[in-house]
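In: with the sequence up front, the predicted model follows.
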Amino acid sequence: MARLSINDIRDMKKRGEKIAMMTAYDYPSARLVEEGGTDMILVGDTLGMVVLGYDSTVPVTMDDMIHHTKAVVRGSARALVVGDMPFMSYQTGWQDAMVNAARFMKDAGCGAVKLEGGVRSAEIVKKLVEAGIPVMGHIGLTPQSVNQFGGFKVQGKTPAAAVQLMHDAQALEQAGAFAIVLELVPAPLAELLTERVSVPTIGIGAGVHCDGQVQVFHDLLGMYDAFVPKHAKRYAEVGSAIREAVARYTADVKAGAFPTAKESFKMDPAALAELRPNSGDALRRRHAAGLDA
């Protein structure tokens, strides 16, 4: 089975076919997402929050991303895998961006990288694309800049901010990005941006009129109860199912109800008898005969 390419993703927009994208961070989640039929898998730097326990994506390192992306690539066969370039892996200039993006392609084996920023990142996108590295852009709420935004807030709500997002989208398109993530953008503005650019838009909290959607694995499956993003729809309650299973296991262990004979292994009674008290002579005879090798 051949992996989808960036051309396949572009063609989906031309045909009017919606694009399904989802995050994954390890081998088992990649297998499940792949088997569910998603078109693209994003190894997001959101792993900092949903896997590594940080309160933002800022602490995530390149080594973190490469480690997890390798596992996702091994767990998938058809989906286009996109590696998320973490904070300060590209903001220091296109040369650093080139080195780090090459690690995603060569070491991790993914098919594209994603980076945040519009106009400010356009030169870097252009350089990477010219070097043969497919790039997905990301505008609107860009989590790596959450400290500058003052929190996770909807972007583009004023005329001036909306115009800036339009400039950002067009700059990424002109720089050669094959797709653009729109995060926490008002739905009418996202619809307008989708109409104005020729490349696919992938929404997260940006309404139904984007060319595709991306959601975080843990949000979609209900892994955490403490916070449910407004833009996330829960399709399962896996977190509660896991907690219930672990609680039942713990209770069985405490009560001596697990393991049972079904989960245990048998042994030859004759061999076991030789290990019982008063079997020392038999053991010595076996050892002398070389039978216990």
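Out: That came in fine, so what should we check first? Model, not experiment: these values are computed from the prediction. Numbering: from 1, shown residues only.
In: neighbours around residue 115, how many?
Out: The tally of other residues near residue 115 (other C-beta atoms under 10 Å) stands at 26. Any C-beta I mention is one placed from the backbone N, CA and C, and that applies to glycine too.
In: who's in contact with the residue lying closest to residue 115 once chain neighbours are set aside?
Out: Leaving out its chain neighbours, the residue that sits closest to residue 115 by C-beta to C-beta, 6 or more residues apart in numbering is residue 85, at 4.6 Å. Shown in contact with residue 85 (C-beta atoms under 8 Å, 6 or more residues apart in numbering): 45, 65, 97, 100, 101, 104, 113, 114, 115.
In: just the residues you listed: which are in helices?
Out: If you go by DSSP state H, the contacts of residue 85 have 65, 97, 100, 101 in helices.
In: could you dump those into JSON lines with pLDDT added?
Out: Output for the ones in helices among the contacts of residue 85, formatted as JSON lines (pLDDT from 0 to 100):
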{"residue": "65", "pLDDT": "98"}
{"residue": "97", "pLDDT": "98"}
{"residue": "100", "pLDDT": "98"}
{"residue": "101", "pLDDT": "98"}
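In: those residues: which two are farthest apart?
Out: 65 and 97 (13.5 Å; C-beta to C-beta).
In: identify the contacts common to those two.
Out: 85, 89.
In: out of the contacts of residue 85, who's nearest residue 262?
Out: residue 65 (42.1 Å).
In: list the contacts of the closest one.
Out: Going by C-beta under 8 Å, 6+ apart, residue 65 touches 43, 45, 47, 83, 84, 85, 86, 89, 104, 108.
In: in terms of pLDDT, where does the spatially closest residue to the third one that is not a sequence neighbour sit?
Out: Spatial nearest neighbour of residue 47, excluding adjacent residues (C-beta to C-beta, 6+ apart): residue 25 at 4.6 Å. In the prediction, the pLDDT value recorded for residue 25 is 98.
In: repeat that for residue 221.
Out: On the pLDDT scale, residue 221 gets 96.
In: would you map the helices across the stretch 151-293 of the chain?
Out: Ranges of helices in the stretch 151-293 of the chain, per DSSP state H, counting those that start in this stretch, are 159-175, 187-196, 217-220, 238-255, 269-273, 280-288.
In: can you list those helices in JSON lines and add distance to residue 71 and mean neighbour count?
Out: Output for these, formatted as JSON lines (distance: least, C-beta to C-beta, whole Å; neighbours: other C-beta atoms under 10 Å):
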{"stretch": "helix 159-175", "distance to residue 71": "29", "mean neighbour count": "18"}
{"stretch": "helix 187-196", "distance to residue 71": "32", "mean neighbour count": "18"}
{"stretch": "helix 217-220", "distance to residue 71": "13", "mean neighbour count": "21"}
{"stretch": "helix 238-255", "distance to residue 71": "19", "mean neighbour count": "12"}
{"stretch": "helix 269-273", "distance to residue 71": "41", "mean neighbour count": "9"}
{"stretch": "helix 280-288", "distance to residue 71": "47", "mean neighbour count": "11"}
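In: tabulate the ones you listed (JSON lines), appending distance to residue 72.
Out: Output for those, formatted as JSON lines (distance: least, C-beta to C-beta, whole Å):
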{"stretch": "helix 159-175", "distance to residue 72": "24"}
{"stretch": "helix 187-196", "distance to residue 72": "27"}
{"stretch": "helix 217-220", "distance to residue 72": "11"}
{"stretch": "helix 238-255", "distance to residue 72": "19"}
{"stretch": "helix 269-273", "distance to residue 72": "46"}
{"stretch": "helix 280-288", "distance to residue 72": "51"}
